[in-house]
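Participant: Quick one, structure for this:
(one chain, ligands or ions: 2)
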Amino acid sequence: MPEQAARAARRLADGAYRGPGDALFGKRTQRAFNKGFASEFIDFRMGARARRLAGGGYFGHVGLLLLGGRHSSGSAGRCNLFVERPTNLWKRFESSPPQQERTAEMRPEEIVNLDAYPIMDPDSPAWSDLVGRLRRELDERQYVSLPDFILPAARERAVADALAALPRAHHNSSRRNCYLHRQGDPSLPDDHPRNIMLEASTRMLAYDQFPDDCPVKLLYHWEPVRRMVAGIVGRDRLFDNEDPCQPVNLLCYETGDRSAWHFDSVNAFTMTLMLQASESGGDFEMAPNTRTDDDENHDYVRRVLLGECPEDVVSVAREAGALCIFRGCNSLHRVSPVAGPSTRVMGVFVYEDEPGIVGDPEVNATVYGREVAPG
Ligand SMILES: O=C(O)CCC(=O)C(=O)O
Ligand SMILES: [Fe+2]
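Facilitator: Ligands and ions are numbered 1, 2, ... in the order given. The predicted structure is shown next:
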């Protein structure tokens, strides 16, 4: 059997059309499918024809179906395709679109823009210059942005992975204070930061909800990236997080979604990668050094929350492809409400100071909607 026909037969068997016996074709055609003599090309021709069927109940031929075991490319014989129930056919295409064959896994060198970010050789002057500059910038401003860090093809693939998984995302919609608590403290005044409740709405995809060859995962697990990030945040080494949910997330914002002012709770720094920006809104805003490790600075935090210090708030430019490292644990930050048809898609990465770190099941229950094991 020609290789192309064999692939087509496998795809049929894989369920793209749920198999040829599904009242889609007349007997003669069905036998041809059973023998596997169908060209892959029929996939999209079928799709096009199905639409026309829905519109007018068209019964006719669909090109490039190969009968009798002879494969000749280009001008293969046409045959009549008898469709018994066009409406069912339409529904079938709606509910199970032909599956795209996944192209080969990308190499990390095809993901990271190595021309702009020479991160392969940590002993080179280019590496020291780059990492030294970014480290100083982070220390000064509490954030640093690396534009065009990911190459366009890798970014597009990651966006496609995110959008395919989006229906399974955990929709986090909550009223909470900037410390990420849903309950205030009745013993404190109403305008204490603990009692200022803000609306947030985001869609979270956990690490185990999108493919292992998604470019954001490959990038995260690649030593040159981990080493660069360690250099920028001033660590000798960093380690991957080993939780099933946490190491890399795809955080999606649809129209109306936003993240309210908050401090990140656990990690000393946060790393995000803008995969797709929204048409409008979705600005990442930050009030650097709102508090310190020793001083909660409640009065100042309250003024930022109430919008009384607009001059202190920086809006961090985030073009698609830009990596951002920021110290979100002591700097209030938020994402303004997203508007427009494009989902804002953000990769979020967690590195650790020691190996073997897994997440707290309670946190995973809140952030990813996971069941907490009883007992
Ligand atoms: O979506 C963003 O740009 C920021 C997300 C954020 O605040 C975080 O991951 O801690
Ligand atoms: Fe955050």
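
Participant: residues in contact with R303?
Facilitator: Going by C-beta atoms under 8 Å, 6 or more residues apart in numbering, R303 touches C309. For the C-beta atoms, the positions are set from N, CA and C on the backbone; glycine is no exception.

Participant: distance of it from ligand 1?
Facilitator: Separation of R303 from ligand 1 (C-beta to the nearest ligand atom, to the nearest Å): 20 Å.

Participant: for D148, same thing?
Facilitator: Shown here: D148 relative to ligand 1, a distance of 17 Å by C-beta to the nearest ligand atom.

Participant: got the contact list for that residue?
Facilitator: Per C-beta under 8 Å, 6+ apart, neighbours of D148: 113, 116, 319, 321-322.

Participant: Show me which of those is closest to R176.
Facilitator: Comparing the contacts of D148 against R176 with C-beta to C-beta picks out A322 as the nearest, at 27.1 Å.

Participant: coming back round to it: filter the contacts of D148 down to the buried ones and express that as a ChimeraX selection.
Facilitator: To isolate the buried members of these in ChimeraX, using 16 or more other C-beta atoms under 10 Å:
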select :113,321,322
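
Participant: which one of the contacts of D148 is nearest ligand 2?
Facilitator: Nearest to ligand 2 among the contacts of D148: A322, at 16.2 Å, using C-beta to the ion.

Participant: Correct me if wrong: the closest one contacts P147.
Facilitator: Yes. At 4.7 Å, A322 counts as touching P147 under the criterion of C-beta atoms under 8 Å.

Participant: next SSE after the top helix by length along the chain?
Facilitator: Secondary structure of the chain per DSSP state H: the longest helix is helix 125-141. Toward the C-terminus, helix 125-141 is succeeded by strand 143-146 as the next helix or strand (DSSP states H and E).

Participant: Run the contact check for that next one versus ligand 1.
Facilitator: No. Judged by C-beta under 6 Å from any ligand atom, strand 143-146 makes no contact with ligand 1; its nearest approach is 10.6 Å.

Participant: Report the rounded mean pLDDT for that strand.
Facilitator: Mean per-residue pLDDT for strand 143-146: 96.

Participant: Let me know how buried the closest residue to ligand 2 within the stretch 151-300 of the chain is, in neighbour terms.
Facilitator: At 4.3 Å from ligand 2, D264 is the closest residue in the stretch 151-300 of the chain, using C-beta to the ion. Neighbour count for D264, taken as other C-beta atoms under 10 Å: 16.

Participant: For it, give its distance to F239.
Facilitator: Using C-beta to C-beta, to the nearest Å, D264 is found at 18 Å from F239.

Participant: contacting residues around V358?
Facilitator: By C-beta under 8 Å, 6+ apart, the contact list for V358 reads 241-244, 246.

Participant: Ranking by neighbours, what's the top pick from those?
Facilitator: Q246 (24 neighbours).

Participant: surely that one meets Y207?
Facilitator: Yes. If you go by C-beta under 8 Å, Q246 and Y207 touch, sitting 6.4 Å apart.

Participant: Beta-bridge partners for the residue in the stretch 1-150 of the chain that ligand 2 sits nearest to, please?
Facilitator: Proximity to ligand 2, evaluated over the stretch 1-150 of the chain using C-beta to the ion, is greatest for Y143 at 11.3 Å. Going by DSSP bridges, Y143 is paired in beta bridges with F326.

Participant: what's around it, how many residues?
Facilitator: By other C-beta under 10 Å, neighbour count at Y143 equals 22.

Participant: go on, Q276?
Facilitator: Using other C-beta under 10 Å, Q276 has 20 other residues around it.

Participant: Need phi/psi at it.
Facilitator: Backbone torsions for Q276, taken as degrees, to the nearest 10, come to phi -150, psi 130.

Participant: what about the closest residue to it other than its chain neighbours, is that helix, strand or coil?
Facilitator: Distances taken as C-beta to C-beta, 6 or more residues apart in numbering place V345 nearest to Q276, at 4.2 Å, with adjacent residues excluded. Look at V345: counting by DSSP: H, G, I helix; E, B strand; the rest coil, its state is strand.

Participant: Might you report the residue contacts of the residue of the stretch 1-150 of the chain closest to ligand 2?
Facilitator: Residues near Y143 by C-beta under 8 Å, 6+ apart: 286, 288, 314, 316, 324-327, 331.

Participant: Tell me the one of these nearest ligand 1?
Facilitator: When those are compared for distance to ligand 1 (C-beta to the nearest ligand atom), C324 wins out at 7.3 Å.

Participant: quick one: pLDDT of that closest one?
Facilitator: So C324 comes in at 97 (pLDDT).

Participant: quick one: the strand or helix carrying it near ligand 2?
Facilitator: Assessed by DSSP H and E, C324 sits inside strand 323-326. No. Judged by C-beta under 5 Å from the ion, strand 323-326 and ligand 2 are separated, with a smallest distance of 8.2 Å.

Participant: okay, that strand in PDB with CA atoms only?
Facilitator: Extracted C-alpha coordinates of strand 323-326, given in PDB (Å, rounded to 0.1, in the frame of the first residue of the first chain):
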ATOM      1  CA  LEU A 323      10.000  37.200  28.500                       C
ATOM      2  CA  CYS A 324       9.600  39.000  31.700                       C
ATOM      3  CA  ILE A 325      11.300  38.300  35.100                       C
ATOM      4  CA  PHE A 326       9.900  40.300  38.000                       C
END
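
Participant: Who are the packing partners of that strand?
Facilitator: Contact partners of strand 323-326 among helices and strands, from 3 or more C-beta pairs under 8 Å, 6 or more residues apart in numbering; DSSP states H and E: helix 125-141, strand 143-146, helix 223-233, strand 270-276.

Participant: how about a cut-off of 6 Å?
Facilitator: Using 3 or more C-beta pairs under 6 Å, 6 or more residues apart in numbering; DSSP states H and E as the contact test, the elements touching strand 323-326 are strand 143-146, strand 270-276.
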